[in-house]
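Asks: Could you work out the structure for the sequence below:
(chains A and B)
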Number of protein chains: 2
Amino acid sequence: MGKVRIGVVAPASSMDRSIAERVAALAAEHGGVELVFHPQCFESWGHFAGTDQARADAFVEIANDPGFDAVWFGRGGYGSCRMAPLALDRLSPSAKDKSYLGYSDMGSLLAGLFGKGFERVAHGPMPADINRGGGAAAVARALAFLADGAESALERTVRGGTPSVAFNITILCHLMGTALQPDLTGHVLMLEEVSEHLYRIDRSLCQLTSVPALRRVAGIMLGRCGDIPPNQPEFGQSEEEVARHWCAVSGIPYLGRADIGHDADNKVVPFGSWPWVV
Amino acid sequence: MGKVRIGVVAPASSMDRSIAERVAALAAEHGGVELVFHPQCFESWGHFAGTDQARADAFVEIANDPGFDAVWFGRGGYGSCRMAPLALDRLSPSAKDKSYLGYSDMGSLLAGLFGKGFERVAHGPMPADINRGGGAAAVARALAFLADGAESALERTVRGGTPSVAFNITILCHLMGTALQPDLTGHVLMLEEVSEHLYRIDRSLCQLTSVPALRRVAGIMLGRCGDIPPNQPEFGQSEEEVARHWCAVSGIPYLGRADIGHDADNKVVPFGSWPWVV
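Replies: Coordinates of the predicted model:
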């Protein structure tokens, strides 16, 4: 059997070359994997890893190339909502056969791919996670998922038969009302957040649970909400109390905590039902 | 002629009594105005000026009381999206005869009132603006509008015949997809922001200009975006370049700057066409 070929692109913020070097070394240790960083990953245009067109082009190039098995998003930051409309309509049948993995800002693109019927879209660690404490484990988890479909990489509840999706809370809010808003009917919706005040988490969950189409999810699981800045005044509720509140108000079942977040423990959540059958 | 009676409530965060005292003194100077601060303004429940129910009840009490001519929102903060669904369906015909004035977080409630066909809803200064440098002018402007319908209080472009609305960018984003999302067809949409990074302003305007229903506005005017934290890396575009970009991408006319913002110069924008005829 040949190696699994994984192409890395950066649809949002620019990557440091040192990330690529360290992740390439881990991939070599893993074996059975060939990792190709598209030069676009290291471009820079203001806030972004190249212009919207350059980021869209690099993504489409790798996604449409039958020589690759997977597209791995290099890092988050901000920018995938800007390039998604320039990319999604140019994807070929070969793009549909690949796996896609990323999280955070990549949620815009994951939602767009999911909305187009792509069946191998997943929320999980990215190369830039190597910079976290314990980040090598996150990267190894992502490689195990992309190369071997390893069940050990998965969030523990995704094998239950109910289809799942996972999103960053803020990113999902910014998809509401747009063409990228995903149809999550019948899916368990796992949500995570980072560096947002509790009042903002509350405001976001107020919105999400108020959107009629989102009330058709099978339930909500709350991932980790990391690095929450101090609320002024004290908010008076924890993030889990906030999630329980909005689930109760909206009639959406609250299904407990999800093992995802902006951290090295972030597990993989394949969109839809696992195991994928394509 | 009797005095114009203005009731003040706080649908979001709690108010300090010193604000009430200083604004009452200004109202006494103005003359022809009776200002009544509902005791709910000074309540405290975690982040909020009382529970959701208490804030909704106080708002409905003043709005439905034929003895008041106007409802003035005391301050923003966060919380009007939480109480709006507990209040809007309880408003009586008497509520429809009143003027409503506020901005920032109050956008959720302004949108809800506008969506119910209320014809005297306006975006403008609140009592808490007294705490800004030059804030007395902002409060006097609001009083001149509420008590006298003074044209001098208005944003300079609202007398052109085209109906207008104004919102905080982030608040409007969080209304997308919910029952509070307003129908802005044919309206000039004025937008302002405070304390958000440029990448967040960009992300929000990407969303708003991507929502099909919002593409039916007559145009967008950009108010002031105050206290923008430093972007990392340098964003590479000003907030006006960002607004122009998204207008160009979406085909929405960009109509220039609006004289609104989180500051003492914030002018009044009556929703709909001015002068109001009710």
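
Asks: Spit out the contact partners of the residue positioned nearest the centre of chain A.
Replies: In chain A, the centroid-proximal residue (C-alpha atoms, centre = their mean) is residue A:103; its distance is 2.2 Å. Neighbouring residues of residue A:103 by C-beta atoms under 8 Å, 6 or more residues apart in numbering or on different chains: A:76, A:110, A:123-126, A:166, A:168, A:192, A:260, A:262, A:266. C-betas here are computed from N, CA, C, even on glycine.

Asks: give me that answer again for 10 Å
Replies: A:73, A:76, A:110, A:122-126, A:129, A:166-168, A:171, A:192, A:223, A:260-262, A:266, A:268-269 (C-beta atoms under 10 Å, 6 or more residues apart in numbering or on different chains).

Asks: Can you name the residue of the stretch 101-250 of chain A nearest chain B?
Replies: Nearest residue of the stretch 101-250 of chain A to chain B, counting by C-beta to the nearest C-beta: residue A:236, 2.5 Å away.

Asks: now the helices for chain A?
Replies: A:17-30, A:52-64, A:80-87, A:93-96, A:107-115, A:135-148, A:169-173, A:198-210, A:239-250 (DSSP state H).

Asks: which ones among the contacts of residue A:103 come in contact with chain B?
Replies: Among these, the residues within reach of chain B (C-beta under 10 Å from any C-beta of the partner chain) are residue A:171.

Asks: which residues of chain A score low on pLDDT?
Replies: The model of chain A has pLDDT under 70 over residues A:1, A:278.

Asks: thinking the residue of the stretch 101-250 of chain A closest to chain B is in contact with residue B:79, fair?
Replies: No: contact criterion C-beta atoms under 10 Å: residue A:236 and residue B:79 do not qualify, at 11.8 Å.

Asks: These two: which is more packed in?
Replies: More crowded of residue A:236 and residue B:79, by other C-beta atoms under 10 Å in any protein chain shown: residue B:79, with 29 against 14.

Asks: The more buried one: what's its closest spatial neighbour, skipping adjacent residues?
Replies: residue B:12 (3.6 Å; C-beta to C-beta, 6 or more residues apart in numbering or on different chains).

Asks: Kindly report the same for residue A:229.
Replies: Distances taken as C-beta to C-beta, 6+ apart place residue A:197 nearest to residue A:229, at 5.3 Å, with adjacent residues excluded.

Asks: what are the phi and psi angles of the one you found?
Replies: phi -60, psi 160 (degrees, to the nearest 10).

Asks: Quick one: neighbours of it, just the number.
Replies: Neighbours of residue A:197 using other C-beta under 10 Å come to 16.

Asks: One more: residue A:172?
Replies: 25.

Asks: Just list the residues touching it, thanks.
Replies: Residue A:172 makes contact with A:107-108, A:111, A:165-166, A:180-182, A:184, A:189, A:191, A:204, A:207-208, A:211, A:214 under the criterion C-beta under 10 Å, 6+ apart.

Asks: One more pass at 8 Å, please.
Replies: Per C-beta under 8 Å, 6+ apart, neighbours of residue A:172: A:107, A:111, A:191, A:204, A:208.

Asks: How about residue A:193?
Replies: A:168-170, A:201, A:204, A:223, A:225-226, A:239, A:262.

Asks: Is there a quick PyMOL command that grabs whichever of these are buried?
Replies: Buried residues within these, by 16 or more other C-beta atoms under 10 Å in any protein chain shown, are selected in PyMOL with:
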select buried, chain A and resi 168+169+170+201+204+223+225+239+262
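
Asks: mind putting the contacts of residue A:193 in TSV, distance to residue A:247 included?
Replies: Listed next are the contacts of residue A:193 as TSV, based on distance: C-beta to C-beta, whole Å:
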residue	distance to residue A:247
A:168	18
A:169	14
A:170	18
A:201	14
A:204	14
A:223	14
A:225	15
A:226	21
A:239	13
A:262	22
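
Asks: What values do phi and psi take at the residue of the stretch 1-150 of chain A found nearest chain B?
Replies: Nearest residue of the stretch 1-150 of chain A to chain B: residue A:46, at 2.5 Å (C-beta to the nearest C-beta). Phi and psi for residue A:46, reported as degrees, to the nearest 10, are phi 60, psi -130.

Asks: isn't it right next to residue B:235, touching?
Replies: Yes: proximity of residue A:46 to residue B:235 meets the contact threshold set by C-beta atoms under 8 Å, at 5.7 Å.

Asks: what about residue A:78, neighbour count?
Replies: If we define neighbours as other C-beta under 10 Å, then residue A:78 has 23 of them.

Asks: Contacts only, for it.
Replies: Per C-beta under 8 Å, 6+ apart, neighbours of residue A:78: A:12-13, A:47-48, A:105, B:199, B:202-203.

Asks: Could you rerun that using 6 Å?
Replies: Counting by C-beta atoms under 6 Å, 6 or more residues apart in numbering or on different chains, residue A:78 makes contact with A:12, A:105, B:199.

Asks: The second one touches residue A:12, doesn't it?
Replies: Yes: using C-beta atoms under 6 Å, residue A:105 is in contact with residue A:12, at 4.6 Å.

Asks: Counting neighbours, go ahead and name the busier of these two.
Replies: Taking neighbours as other C-beta under 10 Å, residue A:105 and residue A:12 compare with residue A:12 leading, 27 against 24.

Asks: Can you name the residues that contact that one?
Replies: A:76-80, A:105.

Asks: what about it, distance to residue A:126?
Replies: 10 Å (C-beta to C-beta, to the nearest Å).

Asks: and what of residue A:160?
Replies: Distance from residue A:160 to residue A:126, by C-beta to C-beta: 26 Å.

Asks: Next: residue A:102.
Replies: Residue A:102 sits 5 Å away from residue A:126, going by C-beta to C-beta.

Asks: what about these two, which has more around it?
Replies: A count of neighbours by other C-beta under 10 Å puts residue A:102 above the other of residue A:102 and residue A:126, at 30 against 25.

Asks: Great, nothing more from me.
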